[in-house]
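Novice: Just need the structure, nothing else, for what follows:
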Amino acid sequence: MAYSSSIWPLLAVGISLVGTIPIMLSGRKPNLRESWTLLIAIGKFLLVLSMLPTVLDGGTFSLTIAEVFPGVPIALRVDAMGMFFALVASFLWICTSVYSIGYMRALEEHGQTRYFASFALAISATIGVAFAANLFTLYLFYEVLSLSTYPLVTHEQNDEARFSGRKYLTYILGTSIGLALPAMLITYALAGTLDFRHGGILAGSGASPYLLALILVFFLFGFAKAGLMPFHGWLPAAMVAPTPVSSFLHGVAVVKVGVFSILRVVFHIVGPDFLQEINLGFIITTVASVTLLVASLVALTQDNLKRRLAYSTIGQLSYMVLGAGMLSAAGMTGGTLHIAMHAFGKITLFFCAGAIYVAAGKKYISQMDGLGRRMPVTYMAFLLGSLSIIGMPPLGGFISKWYLVIGAVNSDQLILLLVLLVSSLLNAAYFLPIVYRGFFAKAPEGEEEGGIREAPIFCLIPLSVTALASLGLFFYPDLFLRLARMALFP
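Specialist: Next up is the predicted model:
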């Protein structure tokens, strides 16, 4: 494997961090501020993209920033798994930035400079997690992401937003400090290193299966951004934030960082073969299956569109964790691939929810009868995003769920096959009625002749791009599929 020390990973992480300065300095000039935002978003994506050919050839980029403890540096490394996540996050950040301009301007939101600066800081932390060379570096960026997204969650600055913000930090910081940090310290004591290595670092450590099970549980719940029950309560509460923030939380960064951290632990700290040897994969699949089914049932009961999407996200994240816990090649590939497929589908749905709010001022599904006939672009995008999340062809979500089903069969875990099939039916039950009511239900009295039209073009372009990307990923999943396989089987 080619291995080169390079400053490129640091540049990819740091460009949006440094970019917060011109964004804040141009606060009185919205056009300039938003130009900086777009320029930095495109620059970050191009920096990530520039490293892709080397990674596809089996090479990595690495940089040691500082040696904190013996064998535990703050270090970056761009490998296939990090590249997979960074590509998704940096591309969707461009879409979110464009959408944010349309949304924030249309609603004349306050505090827009703070909003765009916090966004830039948060995406730096996200790429830092993606490119972390070891668990210690990942943990540092994980915490920076928690703190940098707090101003976004509390953006409205009212009592509800402050309460939700406190709940967000309590869950996220409480679990990371109370569970993930002790698990990391025990891991270091056992292995003498926190580096991510294929096959893991805990095999041969001499730890008892009980201690290893405890470490695994601490990591699963300690990275609460993944939304595993019972540490999922922060996610619906965070829906008080503006819709672009919700799309960022659910599609681009925060929840995916939680899942990515768990996958790193399963694949590169404990190791799939060692997990299979000590028979602990059932812990992961049990927690994920319960979360998946309960969250889908709760989603059915939600009339607020964003809350329905939030519970859908909790369930969908568990697909990724479930795939990792299957410990079969197809299952782990499907779980990893679902990060990308869900990201494009779910961000489309949140963009649509925001467009509906901007254009019609509606938050509740029961108020949206007939709305699809007046907002056909938005509702067609919503249909494509929904079908991808359900796992219907010809949308990208079908590919990842296909691998998950094959993984369940290959690992002879037919109960997981049943969980996947039931949950997909529940996905259809809570998404398709929204589309049906939008296109075919009679509009409320007096609304048919009303002035509701599509949202501004800055809202429509991103949701159209991500919806079409969900469609395109069905036909061209090769890049993400190749990176996922390289991450698991170098």
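Novice: next helix or strand past the lowest-mean-pLDDT helix or strand in the chain?
Specialist: Least confident element among the helices and strands of the chain, by mean pLDDT, DSSP states H and E: strand 3-5 (a mean of 64). Following strand 3-5 in sequence order, the next helix or strand is helix 8-25 (DSSP states H and E).
Novice: which intervals of the stretch 101-250 of the chain have sub-threshold pLDDT?
Specialist: Within the stretch 101-250 of the chain, the ranges that satisfy pLDDT under 70 run 250.
Novice: how about 80 then?
Specialist: For the stretch 101-250 of the chain, the stretches with pLDDT under 80 are 105-111, 155-157, 238-250.
Novice: quick one, helices of it?
Specialist: 112-130, 135-153, 159-175, 181-191, 209-222, 234-237, 243-247 (DSSP state H, counting those that start in this stretch).
Novice: list the buried ones in the second one?
Specialist: Okay, so that is helix 135-153. Of the residues in helix 135-153, those buried under the neighbour-count criterion (16 or more other Cβ atoms under 10 Å) are 135-146, 148-153. Glycine gets a C-beta too; all of them are placed from N, C-alpha and C.
Novice: same check, this time on the first one
Specialist: Residues of helix 112-130 classed as buried: 112-113, 115-130 (neighbour count, 16+ other Cβ under 10 Å).
Novice: What is the longest strand of this protein by residue count?
Specialist: When secondary structure is assigned using DSSP state E, the longest strand within the chain turns out to be strand 60-69.
Novice: what separates the nearest residue to residue 111 once chain neighbours are set aside from residue 71, distance-wise?
Specialist: Of all residues beyond its chain neighbours, the one nearest residue 111 is residue 155 (6.3 Å), with distances taken as Cβ to Cβ, 6 or more residues apart in numbering. For residue 155, the distance to residue 71 equals 41 Å [Cβ to Cβ, to the nearest Å].
Novice: now swap in residue 226 and tell me
Specialist: From residue 226 across to residue 71, the span is 27 Å (Cβ to Cβ).
Novice: the more surrounded of these two?
Specialist: Remark: of residue 226 and residue 71, residue 226 carries more neighbours, 29 against 14, as counted by other Cβ atoms under 10 Å.
Novice: I'd say the more buried one and residue 263 touch.
Specialist: No - assessed by Cβ atoms under 8 Å, residue 226 is found out of contact with residue 263, at 9.3 Å.
Novice: Pull out the buried residues from stretch 65-84.
Specialist: Judged by neighbour count using 16+ other Cβ under 10 Å, the buried positions of stretch 65-84 are 72-84.
Novice: and which of those is nearest residue 257?
Specialist: Proximity of the buried residues of stretch 65-84 to residue 257 (Cβ to Cβ) peaks at residue 82, which lies at 12.0 Å.
Novice: list the contacts for the closest one?
Specialist: 130, 131, 132 (Cβ atoms under 8 Å, 6 or more residues apart in numbering).
Novice: ok, these vs residue 315, which is closest?
Specialist: residue 130 (23.7 Å).
Novice: Could you report the distance from the closest one to residue 15?
Specialist: Residue 130 sits at a distance of 14 Å from residue 15 (criterion: Cβ to Cβ).
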